[in-house]
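**Student:** Let me see the structure of the following:
(2 chains)
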Protein chains: 2
Amino acid sequence: MKTVVLFSGGLDSTTVLAMVIARGDEVFPLTIVYGQRHEVEVRKAALTLERYRLSHRAKTIALDLSFLRSSSLTNHTLVVTDGSSAAIPNTYVPARNLLFLALAAAYAEDIGASRIAIGVNAVDYSGYPDCRPEFVEAFNRLLAVGTKRGVESGDIAVEAPLLSLTKGEIIARGLALGVDYSLTHSCYAPDEEGRACGRCDSCRLRLKGFAEAGIADPVRYIERWTA
Amino acid sequence: MKTVVLFSGGLDSTTVLAMVIARGDEVFPLTIVYGQRHEVEVRKAALTLERYRLSHRAKTIALDLSFLRSSSLTNHTLVVTDGSSAAIPNTYVPARNLLFLALAAAYAEDIGASRIAIGVNAVDYSGYPDCRPEFVEAFNRLLAVGTKRGVESGDIAVEAPLLSLTKGEIIARGLALGVDYSLTHSCYAPDEEGRACGRCDSCRLRLKGFAEAGIADPVRYIERWTA
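**Tutor:** This next block holds a predicted model:
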């Protein structure tokens, strides 16, 4: 089975990549460079792709989202929200996962892939609406009625294997599959050396996950948040 | 009300633009340059925007879809299907309207727009699945559950005012609103001077529409198909 994997180089999508490889799928990693503040994740993504000998089959698509002024990930004049608030942080990029899945769907349809795997998670997450099961279900409905492949064979769908796992469970799953988390990047506001800030929503979720999993996070931090 | 209008410069989206302007909305035209074979449509789009004094508020997004090899619109080594067959022609671009609506949704959410208008039509159309009411409905469900604006206020939706009109009715509607169809472009395989081929699915639908509306199409053709 051909599977397109949305692969950012982050903790979640690296785990998904390992899961799909382990299942024996023919994997097509897809990385989207959108002008994200933390573009270091894309450079680290390349290291994981090399490790899995998938560089030759990986695809990178450039989609400049800098016109989106409301998100601190695409508007670099905004300050990344401290992740301690309960509200949706300003790292929310409008319709980002919708855009990513739409690109993945176009690619999947073009190469005849049956599955699109994405590392969204609705347990230890930032409250982004496009990480929830309702979103994945609605997108699958759209694939079924709105693509040629969906209408003709029904053989195209998104799978989100991390949807209902805690961050600790995701890390445990990845470690069991041999994921090297030192090659992953999660922080939205890294410094020039690529060190994680330890304070944004993404860092907090990651650190919580490693604490739960009972192991040390191998990446470098400027400071480590503790609850 | 702020409305983002997906505006290609074609017959349908120009009619939609006129309809939304006539309603008195604050209009934000959005044009996507995706490496389409008939990029002349984008140059003509600029003329219509000038006519409506909307150039200053119009946005163009570049999204290179040349990696999609199965469509004759994005893979210029393929020959555009003659539009006389009943099958979906090779001008189908995988998930194109999904991608366009996803970009429009991101933009709408970012600027606080309530509506996204698109000129899809499921009567005189090429059989593309992403032009049908089921697709529009499924996309609206996705906006409701998968965007911050949808979840928080529910005030974001796609409207497709041409969905159930014939091409002749669309043209009649546009003419009543003063649309200048000489500034629109529909052909997928124009020659170097921008003249329409008269044979592709888009030309055939357009010519059928003008015949129905009982007026001559003001654009230039290499040859005009007749039923």
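**Student:** remind me which residues of chain A are low pLDDT?
**Tutor:** In the predicted model, chain A carries pLDDT under 70 at residues A:225-227.
**Student:** Could you verify that residue A:68 is part of a strand?
**Tutor:** No. Using DSSP: H, G, I helix; E, B strand; the rest coil, the secondary structure at residue A:68 is coil, not a strand.
**Student:** how many neighbours does it have?
**Tutor:** In terms of burial, residue A:68 registers 21 neighbours under the definition other Cβ atoms under 10 Å in any protein chain shown. All C-beta spots, glycine's among them, are computed from the backbone N, C-alpha and C.
**Student:** now the one 3 residues further on
**Tutor:** The criterion is other Cβ under 10 Å. On that basis, residue A:71 has 23 neighbouring residues.
**Student:** show me where chain A has helices.
**Tutor:** Across chain A, reading from the start of the chain, the helices by DSSP state H fall at A:11-22, A:40-51, A:96-111, A:133-146, A:148-152, A:167-176, A:201-213.
**Student:** Export only the CA atoms of the third one, formatted as PDB.
**Tutor:** Once side chains and other backbone atoms are set aside, the C-alpha atoms of helix A:96-111 remain, and they are given as PDB (Å, rounded to 0.1, in the frame of the first residue of the first chain):
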ATOM      1  CA  ARG A  96      -2.900  24.800   8.400                       C
ATOM      2  CA  ASN A  97      -3.700  21.200   8.700                       C
ATOM      3  CA  LEU A  98      -6.500  21.600   6.200                       C
ATOM      4  CA  LEU A  99      -3.900  23.000   3.700                       C
ATOM      5  CA  PHE A 100      -1.400  20.300   4.500                       C
ATOM      6  CA  LEU A 101      -3.900  17.600   4.100                       C
ATOM      7  CA  ALA A 102      -5.200  19.200   0.900                       C
ATOM      8  CA  LEU A 103      -1.700  19.100  -0.500                       C
ATOM      9  CA  ALA A 104      -1.200  15.500   0.600                       C
ATOM     10  CA  ALA A 105      -4.500  14.600  -0.900                       C
ATOM     11  CA  ALA A 106      -3.500  16.100  -4.300                       C
ATOM     12  CA  TYR A 107      -0.200  14.300  -4.100                       C
ATOM     13  CA  ALA A 108      -1.800  11.000  -3.000                       C
ATOM     14  CA  GLU A 109      -4.300  11.100  -5.800                       C
ATOM     15  CA  ASP A 110      -1.600  11.900  -8.300                       C
ATOM     16  CA  ILE A 111       0.600   9.000  -7.400                       C
END
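**Student:** Now do that helix against helix A:133-146, angle only.
**Tutor:** Taking axes from the mean of the first three to the mean of the last three Cα atoms, to 10 degrees, helix A:96-111 and helix A:133-146 form an angle of 30 degrees between their directions.
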